[in-house]
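>>> For reference, the sequence and a predicted model appear below.
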Amino acid sequence: MSSNNNSEHHDQPGEGHIAEVHHPSYGINVLVWIGLLSLTSITVAVAGINLGSLALTVALLIALVKSMFVVNFFMHVKFDNKIIKLFIGVCMVIFIVVLILTFFDLTFRY
Amino acid sequence: MANGTVAVSDKTAEVDFYHVKTKYKGILSWLLTTDHKRIGIMYLCSMSLFFLTAMSLGVVMKLEMLSPGSTFISAQTYNSIFTLHGVIMIFLFIIPGVPAVFGNFIMPIQIGAKDVQFPKLNLLSWYLYIIGGAIAIYSIMRPGGVMDTGWTFYVPYSIRTTTNVSLSVFAAFVLGFSSILTGLNFVTTIHRLRCPGMTWFRMPLFVWGIYATAWIQILATPVIGITLVLVILERAFGIGVFDPTLGGDPLLYQHLFWIYSHPAVYIMILPAMGVVSEIIPTFAKKAIFGYVPIAISSLGIALVGYLVWGHHMFSSGISDTSRVIFSLLTFIVALPSGIKIFNWVATLYKGSIEVTAPMLYTLLFIFIFSIGGLTGLVLGALNTDLHLTDTYFVVAHFHYVMFGGMGLIFFASIHYWFPKFFGKMYNEKMAKVAAYWIAIGFNTLYFPMFIMGYMGMPRRYYDYLPEFTTYHIISTVGSWILVSGILVMIANLLSGLRNGKKASDNPWGGTTLEWSVPSPPPLENFDEIPTVTTGPYDHSHIHGQEETTK
């Protein structure tokens, strides 16, 4: 059956090849892992401090930094080609806008 | 030649995909196929069954509303029937409809590919679709009764009701995976499998529609997946995410649900708009007016469509700031839709218009969808929405947009690509009679709902005040006209399938690549991958159509 197929024919620059495989070293991976654990600890510690309305923002910012680590290193996006980075960038922007719009309700509801 | 193709296969020597020898025979040759065309047809068959089921439930609902009070079913049965009608129509027909059937069959051929990028994943998507449908049907038979929440599964009722909500929402969860995988497959296919010369702005507009839709499928569907899992967890363990007594927020459910479900409206309509952009140039015999604006407006609708979900919640208690922002954004989404409508009409201007059955459905679509779209603005405005929300006006608007939009274009698509799918022609005259029949039934059924809604008839109510009786009677009669029209259309297509005249490769004088391959196409569509040299709607090489009617 059709094991595709004609990808060698297309003519779009930047899409015609898979980016060269580049794996971060084990050392980098371990460092990222330790960084993630540290940020998790900070999240837990911050949750115990009364920051009022800032608590959620701080927690989300820490989560954002953690997700950047995961996306860039564990998902290898840092080493991928531009179009994948563009896709992920657009998705992130949409996600953030959706989050902001949701908070327009929560923040101004009462 | 199509798309200015300079190299196409030798058509005479090829065996079509129905008759080519494969590893498996009989039913297994279908159930284990990875051919995008067979998978498209399997979607068509399964989807048609689900559509007919949901349509029958709709008829029962309308029959119950023939007179005030109990006509022949109980209130609880009515609640379950409108829920089932909605769930089946939305999740098993309208959302997957055009992408799964026509996206699968036609899109790879239109970009000059032999198949989709991940053929096995494509088959898995179909199986997930069937498994999701089977779970939904199984949930009906379970003790506890059929879900009665409406297709929106709103909390807190969906958490408290004793009917089979968990299993039903799990069915929707599984169907979501089918949708995500299809979207992933289509995005990858369009990026990587376009034939030489098929640049982004030489792609047919149907492909643009499918592409924009696929991104919504990938990005928005996981949100509903997570939301539905939360409903199941709430029901099973009372985790409190949506429960204010435990620190949760019931409105969060509505936010999450509509963050998916409003973009899902565009999953339903964008591919249909893509089909319109194919049919109009073919039957107006001229290039589409405003190709680039139409293509970009698909992406614009997909993008802005993410940002307007709050207009479903104007009366639910969200903040005033939110309501103003979402109302404004809702008006903005009308712009790319308007661009499409104006460009389609401009394409018709001074065209050699031939009103065949697919074209007739498309013209009906423009008329009916415009009514649906404009009444959407009435609901998008804060002040009028507060009066009309949760009334029959919303039901009418929704059906004008969804059925008048996606539904009619599904019918247009099956008529347009029927010769390519099956290599046969249907009776053109009867197809047109059915189209008029459906249009009359449609407007008789749904237009009185606008009036009833304006007068205050609430949606989802089993009973009504006497002043609404006449409108309900007209509407119910409309449902009979509509359903009989649909049955005539189906009978005509089945008759064409059985006894229809053999179709030529390009019966309509189409200019895109699917019309350059045999009808039905061979297994991998092209012997040799074509090279495209012009835009998709170049009619200079088409010398009249070969046959249009039986």
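Received it, and whenever you're ready, just let me know what you need.

>>> hmm, stretch B:205-220 touching chain A?
Yes. Stretch B:205-220 reaches chain A (Cβ under 8 Å from any Cβ of the partner chain) through B:Leu219. All C-beta atoms are positioned from the backbone trio N, CA, C, and that covers glycine.

>>> Tell me how many other residues crowd A:Trp33.
13 (other Cβ atoms under 10 Å in any protein chain shown).

>>> So whatever residue of the stretch 401-550 of chain B ends up closest to chain A: helix, strand or coil?
Using Cβ to the nearest Cβ, B:Ile529 is the residue of the stretch 401-550 of chain B that sits closest to chain A, at 4.7 Å. Classification of B:Ile529 by DSSP: H, G, I helix; E, B strand; the rest coil places it in coil.

>>> Check what pLDDT it gets.
According to the prediction, B:Ile529 has pLDDT 93.

>>> now do A:Glu15
Per the predicted model, pLDDT is 51 at A:Glu15.

>>> May I ask you to name the longest helix in chain A?
Determined from DSSP state H, the single longest helix within chain A is helix A:82-108.

>>> Report all helices and strands that that helix contacts.
helix B:250-284, helix B:320-348 (3 or more Cβ pairs under 8 Å, 6 or more residues apart in numbering or on different chains; DSSP states H and E).

>>> Whether the longest one contacts chain A - can you check?
Read it as helix B:250-284. Yes. Residues of helix B:250-284 contacting chain A under Cβ under 8 Å from any Cβ: B:Leu251, B:His255, B:Ile259.

>>> How much space separates B:Leu31 from chain A?
The gap separating B:Leu31 from chain A is 13 Å, by Cβ to the nearest Cβ, to the nearest Å.

>>> Tell me who's in contact with that residue.
For B:Leu31, the contact set (Cβ atoms under 8 Å, 6 or more residues apart in numbering or on different chains) is empty.

>>> check which helix or strand covers B:Phe173.
helix B:165-192 (DSSP states H and E).

>>> Which SSE is immediately downstream of that helix?
helix B:205-237.

>>> quick one: average pLDDT of that next one?
93.

>>> who's in contact with the residue nearest to B:Phe326 when sequence neighbours are not counted?
Using Cβ to Cβ, 6 or more residues apart in numbering or on different chains and skipping residues adjacent in sequence, the residue nearest B:Phe326 is B:Gly310, 3.2 Å away. With contact set as Cβ under 8 Å, 6+ apart, B:Gly310 has these partners: A:Leu101, A:Asp105, B:His255, B:Trp258, B:Ile318, B:Ser322, B:Arg323, B:Ile325, B:Phe326.

>>> could you redo the last one with a cut-off of 10 Å?
A:101-102, A:104-105, B:254-255, B:258-259, B:262, B:316, B:318-319, B:322-327, B:329-330 (Cβ atoms under 10 Å, 6 or more residues apart in numbering or on different chains).

>>> Going through those residues, which ones are buried?
For those, a burial check counting by 16 or more other Cβ atoms under 10 Å in any protein chain shown picks out A:101-102, A:104-105, B:254-255, B:258-259, B:262, B:316, B:318-319, B:322-323, B:325-327, B:329-330.

>>> Distance-wise, check the closest residue in space to B:Lys424 that isn't next to it in sequence relative to B:Ala431.
Leaving out its chain neighbours, the residue that sits closest to B:Lys424 by Cβ to Cβ, 6+ apart is B:Gly500, at 3.6 Å. For B:Gly500, the distance to B:Ala431 (Cβ to Cβ, to the nearest Å) stands at 11 Å.

>>> Looking at those two, which one has more neighbours?
The neighbour comparison of B:Gly500 against B:Ala431 (other Cβ under 10 Å) goes to B:Ala431, with 26 against 20.

>>> Just the buried residues of the helix or strand hosting the more buried one, please?
Element membership of B:Ala431, judged by DSSP H and E, is helix B:428-455. Residues B:428, B:430-435, B:437-439, B:441-454 are the ones in helix B:428-455 that count as buried (16+ other Cβ under 10 Å).

>>> Could you export the helices and strands packed on helix A:82-108 as JSON lines, including mean pLDDT?
Output for these, formatted as JSON lines (pLDDT from 0 to 100):
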{"stretch": "helix B:250-284", "mean pLDDT": "92"}
{"stretch": "helix B:320-348", "mean pLDDT": "91"}
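
>>> tell me the average confidence for stretch B:436-447?
So the average pLDDT for stretch B:436-447 ends up being 97.

>>> Measure how far stretch B:295-302 is from the centre of its chain, please.
Centroid separation for stretch B:295-302 versus its chain: 17 Å, with Cα atoms, centre = their mean, to the nearest Å.

>>> Please apply the same query to stretch B:121-133.
Offset of stretch B:121-133 from its chain centre (Cα atoms, centre = their mean): 17 Å.

>>> Kindly report the same for stretch B:173-187.
With Cα atoms, centre = their mean, you get 15 Å for stretch B:173-187.

>>> does it come close to chain A?
Yes. Stretch B:173-187 is in contact with chain A by Cβ under 10 Å from any Cβ of the partner chain, via B:Val187.

>>> Extract the CA atoms of that stretch and return them as PDB.
Taking Å, rounded to 0.1, in the frame of the first residue of the first chain, the C-alpha atoms of stretch B:173-187 are listed here in PDB:
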ATOM      1  CA  PHE B 173     -13.000  12.100  24.300                       C
ATOM      2  CA  VAL B 174     -12.100   9.200  22.000                       C
ATOM      3  CA  LEU B 175     -13.600  11.000  19.000                       C
ATOM      4  CA  GLY B 176     -11.400  13.900  19.900                       C
ATOM      5  CA  PHE B 177      -8.300  11.800  19.400                       C
ATOM      6  CA  SER B 178      -9.600  10.800  16.000                       C
ATOM      7  CA  SER B 179      -9.900  14.400  15.100                       C
ATOM      8  CA  ILE B 180      -6.400  15.400  16.400                       C
ATOM      9  CA  LEU B 181      -4.700  12.600  14.500                       C
ATOM     10  CA  THR B 182      -6.500  13.500  11.300                       C
ATOM     11  CA  GLY B 183      -5.500  17.100  11.700                       C
ATOM     12  CA  LEU B 184      -1.900  16.100  12.400                       C
ATOM     13  CA  ASN B 185      -1.900  13.900   9.300                       C
ATOM     14  CA  PHE B 186      -3.300  16.700   7.100                       C
ATOM     15  CA  VAL B 187      -0.900  19.400   8.200                       C
END
